[in-house]
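# sequence and predicted structure below; questions after.
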Amino acid sequence: MYSDEVLERLRADAVAIMARYPKGHERSALLPMLHLVQSVDGYISADGVAFCAETLGITRPEVSAVATFYTQYKRHPNGEYNVGVCTNALCAVMGGDQIWEAVSGHLGVGHDETTADGKITLERLECNAACDYAPVVMVNWEFFDNQTPESTIALVDDIAAGRPIKSTRGSEQVPTFKEISRLLAGFEDGLVDQGPSAGPASLRGLKIAKEKGWVAPEATTAAPQVEEGN
């Protein structure tokens, strides 16, 4: 059960979240509200499910159905830092599989498992749309580009030791899992302007296109005609 103080804060934040949606569509606030309770509990707890259901006027099974569909919602206590290693196609061939094996062995945990000190939860990630910087590791959804087994082991060692870590294209200090969950709930952390919006690898295609005078073809507005009977 939440304490009265925590419940009061949750309710105030929930009101702010629901206010973003048209009247009568408050249940659309479920996704950010799940991030909100995760920012308090560190995962989607039974209390969190009950809070979302009661606040939005839906059933607990409806809340759980959403919470179990998206992998960013954790159904058991998560570490202070979620370290995700991309092992999807391009990252894998660029060394992602080797990074995973090295870091998993170094930490002694597997996918979705947490170190004994509660610092790190390790996760195999699907594509994070950062293929131009493969292989990529993410810590609480902040990018660490062009990683190697050695650099990633150094990264998790820094986390375990409590040393500050800086992402490649994000904030100067990576927020904790609870802090980033609150950000995903839609509450600004004041760090939006830290880090570059795009790096040279992301912009290379645009640079080449400009040099060669390439432009996208004009979009056609006419809908395709379908013959009767087809």
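Structure's in. What do you need? The shown structure was predicted, so the numbers you read here are calculated from the model rather than taken from an experiment. Numbers count the residues shown, from 1 in each chain.

# the chain: strands as residue ranges?
81-86, 113-114, 120-125, 137-139, 142-144 (DSSP state E).

# show me the shaky parts of the protein.
Filtered on pLDDT under 70, the chain yields the residue ranges 197, 222-230.

# show me which positions of the helix ranked longest in it end up buried.
Assignment by DSSP state H gives helix 4-18 as the longest helix of the chain. Residues of helix 4-18 classed as buried: Leu10, Asp13, Ala14, Ile17, Met18 (neighbour count, 16 or more other C-beta atoms under 10 Å). Glycine gets a C-beta too; all of them are placed from N, C-alpha and C.

# same question for stretch 148-158.
Pro149, Thr152, Ile153, Leu155, Val156.

# do the same with stretch 88-105
For stretch 88-105, by 16+ other C-beta under 10 Å, it's Asn88, Cys91, Ala92, Met94, Gly95, Gly96, Gln98, Ile99, Trp100, Ala102, Val103, Ser104.

# correct me, but Leu31 touches Phe69?
No - between Leu31 and Phe69 there is no contact, the gap being 10.3 Å when judged by C-beta atoms under 8 Å.

# residue contacts, Val174?
Val174 is in contact with Tyr81, Val139, Asn140, Glu142, Ile165, Lys166, Ser167, counting by C-beta atoms under 8 Å, 6 or more residues apart in numbering.

# gap between it and Tyr81?
Look at Val174 and Tyr81: by C-beta to C-beta, to the nearest Å, they are 7 Å apart.

# shared neighbours of these two, anything?
Val139, Asn140.

# how close does Ser39 sit to Ala67?
Counting by C-beta to C-beta, the gap from Ser39 to Ala67 is 14 Å.

# same thing with Asp193?
In terms of C-beta to C-beta, Asp193 sits 32 Å off from Ala67.

# and if you look at Val85?
Distance, Val85 to Ala67, using C-beta to C-beta: 23 Å.

# pick out whichever of those two has more residues nearby.
It is Val85, of Val85 and Ala67, that has more neighbours when counted by other C-beta atoms under 10 Å, with 27 against 22.

# contact partners for the more buried one?
So Val85 contacts Gly96, Ile99, Trp100, Val103, Leu122, Glu123, Arg124, Leu125, Pro135, Val137, Thr152 (C-beta under 8 Å, 6+ apart).
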